[in-house]
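Colleague: next come a sequence and a model predicted from it.
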Amino acid sequence: MPAETAFQSSTGNTDAARSRSLQLLGIFSGFTAGAWLGAAEAPTKLVTIGISPMVISLIMVAGVFLARWSLPALVLGTSSVRADVRRAPHLVFWAVLAGCLWAVANTLTVFAIRDVGLSIAFPLWNSNSLIGILWGFLFFNELCQAGWRRWAGVLGGTAVLCFGGALLAIASSAQNSSGHSMNGVWAALGAGVLWGTMYIPYRKAYLTGMNPLSFVTFFTFGELGMMGSLALAYSGAAPLWHELQQARSVIFWLMLGGFVWVIGDLFQQYAAKYVGISRGIPLSNTNQLWGMLWGILVFGELQGKSHTTYLQVIGGSLLMALGVGAIAASSAIGQEHARWKLAALRESERYSVPMDYVEARFEGRQAAGELQARRTLADWLLVVAATAILAWAATVAHVPSLPIHWEPALALSAVSLLLMVLCGRKLWRTTRFH
């Protein structure tokens, strides 16, 4: 096809060093996402002191909503969001759909944490790696013509991920004595399926050229709408309001968890953009190790358990990490990268998105003629409003009555902040967040 030939000739000469730089940037973004996504689940431990899973998820989503509008406004300004929507309005629907899937999955994770604990639930819902690999191959030409070594790396890593997850599922019955451990296992696995499917809209957006900072703003409408509907259907309006009033002293911690999750998710989005969902999801799923560290070191989840349980949990997590490493080492080059470009061309033609815009964003740069993003008064008002709401929540907050070890909590937080600064700096220098 003429369009196909034109696209290949215009992108085929992309500097190899630039392509490699974007691949490395995607890998770094995936690991940074893991640290922040792992930390974001720590506030869900409040479910163990009687806070309703629905209330926890609803308040976290409210924090996510604040972050998904204020952070893009702070980084690039909402003018960049409006420009992206004008070029690809169809992606608003896909963003809302992805938000709905996320809200259901996030609620399932709270039930999972209640029944099997944070250090067990994390690796189980990270089965979304397997779903992401499947969808990436079927819909977006990922791993097509990748060569047997990369197939072996991805499939071998996937097999190790499965084995490690099975080991952790077996350990769950020993780790938890609530009598509902299998319910927690199924909830975590269900969340994995939904989160893996959620990445289909992600990949469609980034092949078409939409900026991750733009995509996440409309993602929030699906999240908040679906989560509100679930909470009302599950509890009823009056009981839900009563539960929210009772949880007033911990609203700050849950909203903060939502903010932390959004930071991790933004890095995860850049990983999905530059290395694909079949690799980006497993890379960000290094959050399993961070979740294990938060669960064991900060909350003492396995304290008093048998040596066998420790070996199963730690061994299973390390096996899954090895699988992630194998997948990370199988980065896309050559012919597979060309197939990605054909998938981008297909999206461009299907939705009538200008090819020069798709090509530029595919290479992590600003399109010709695209106006420089700028912040307006409305952007600063969004940032001030989000900050004020968090500040109010902090004034009524109390430290929850949980067994928390503060030294490892501070150490893990410091490492996460360092990764954010280093990766954010690299993203800005390489792509200006495009």
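Modeller: Alright, I've got the coordinates.
Colleague: tell me the average confidence for stretch 137-150?
Modeller: For stretch 137-150, the per-residue pLDDT values average out at 69.
Colleague: what's the separation between R87 and A205?
Modeller: Relative to A205, R87 is positioned 11 Å away (Cβ to Cβ, to the nearest Å). (Glycine included, C-beta is placed from N, CA and C.)
Colleague: cool, W406 as well?
Modeller: In terms of Cβ to Cβ, W406 sits 39 Å off from A205.
Colleague: cool, N183 as well?
Modeller: For N183 relative to A205 (Cβ to Cβ), the value is 34 Å.
Colleague: between those two, which one's more packed in?
Modeller: Neighbour comparison, N183 and A205: the larger count goes to A205, with 29 against 15 (by other Cβ atoms under 10 Å).
Colleague: so the more buried one versus Q269, what's the distance?
Modeller: Counting by Cβ to Cβ - A205 and Q269 are separated by 9 Å.
Colleague: these two touch, right, G257 and M60?
Modeller: Yes: with contact defined as Cβ atoms under 8 Å, G257 counts as touching M60 (5.3 Å).
Colleague: which residues are common contacts for those two?
Modeller: Residues touching both G257 and M60 (Cβ atoms under 8 Å, 6 or more residues apart in numbering): 43-44.
Colleague: same drill for these two, tell me which one is more crowded.
Modeller: Set G257 next to M60 and count neighbours by other Cβ under 10 Å: M60 wins out with 29 against 23.
Colleague: go through the helix or strand hosting the more buried one and flag the buried ones.
Modeller: Here M60, judged by DSSP states H and E, is contained in helix 53-75. For helix 53-75, burial by neighbour count (16 or more other Cβ atoms under 10 Å) applies to 53-73, 75.
Colleague: ok, stretch 88-100 next?
Modeller: Buried residues in stretch 88-100 (16+ other Cβ under 10 Å): 88, 90-92, 94-100.
Colleague: just the closest of those residues to E223, please.
Modeller: Ranked by distance to E223 (Cβ to Cβ), those are led by G99 at 4.0 Å.
Colleague: I'd like the distance between the closest one and G316.
Modeller: 31 Å.
Colleague: give me the pLDDT for the residue most central in space within the chain.
Modeller: Note on the chain: the residue nearest the mean C-alpha position is D265, at 3.6 Å, using Cα atoms, centre = their mean. Looking at D265, its pLDDT reads 87.
Colleague: and the helix or strand where it lies, what does it pack onto?
Modeller: In this assignment (DSSP H and E), D265 forms part of helix 251-275. Applying 3 or more Cβ pairs under 8 Å, 6 or more residues apart in numbering; DSSP states H and E, one finds that helix 251-275 contacts helix 16-40, helix 53-75, helix 181-208, helix 212-235, helix 277-284, helix 377-395, helix 406-431.
Colleague: which parts of the third one are buried?
Modeller: By that I understand helix 181-208. 181, 184-185, 187-208.
Colleague: pull the contacting residues for the residue nearest to the centre of the chain.
Modeller: D265 is in contact with 33, 37, 216, counting by Cβ under 8 Å, 6+ apart.
Colleague: most neighbours among these, which one?
Modeller: A33 (30 neighbours).
Colleague: what about the stretch 251-400 of the chain, any weak spots by pLDDT?
Modeller: 328-337, 340, 367-373 (pLDDT under 70).
Colleague: make it 80
Modeller: For the stretch 251-400 of the chain, applying pLDDT under 80 flags the ranges 276-279, 282, 285-289, 291-292, 300-374, 400.
Colleague: who touches stretch 189-204?
Modeller: 91, 94-95, 97-98, 101-102, 104-106, 108-109, 112, 124-132, 134-136, 139-140, 215, 269, 272, 276-277, 280-281, 347.
Colleague: so which of these are in strands?
Modeller: Among the contacts of stretch 189-204, no member falls in strands (DSSP state E).
Colleague: which of those residues are buried?
Modeller: Buried among the contacts of stretch 189-204 by 16+ other Cβ under 10 Å: 91, 94-95, 97-98, 101-102, 104-106, 108-109, 112, 124-132, 134-136, 140, 215, 269, 272, 276-277, 280-281, 347.
Colleague: sort out for me which of these are in helices.
Modeller: Here DSSP state H is the test, and the buried ones among the contacts of stretch 189-204 give 91, 94-95, 97-98, 101-102, 104-106, 108-109, 112, 124-125, 128-132, 134-136, 140, 215, 269, 272, 277, 280-281, 347 as lying in helices.
Colleague: quick check: neighbours shared by A205 and Q269?
Modeller: What both A205 and Q269 touch, as defined by Cβ under 8 Å, 6+ apart, is the set 212, 215.
Colleague: quick check: L283 touching F28?
Modeller: No: between L283 and F28 there is no contact under Cβ under 8 Å: 9.1 Å.
Colleague: of these two, which one has the most company?
Modeller: Neighbour totals were compared for L283 and F28, and L283 leads with 27 against 20 (other Cβ under 10 Å).
Colleague: show me the shaky parts of the stretch 1-150 of the chain.
Modeller: For the stretch 1-150 of the chain, residues meeting the criterion pLDDT under 80 lie at 1-20, 41-51, 53, 110, 113-127, 129-130, 133, 136-150.
Colleague: one more pass at 70, please.
Modeller: If you take pLDDT under 70 as the line, the stretch 1-150 of the chain has these spans: 1-16, 47-49, 118-119, 122, 143-150.
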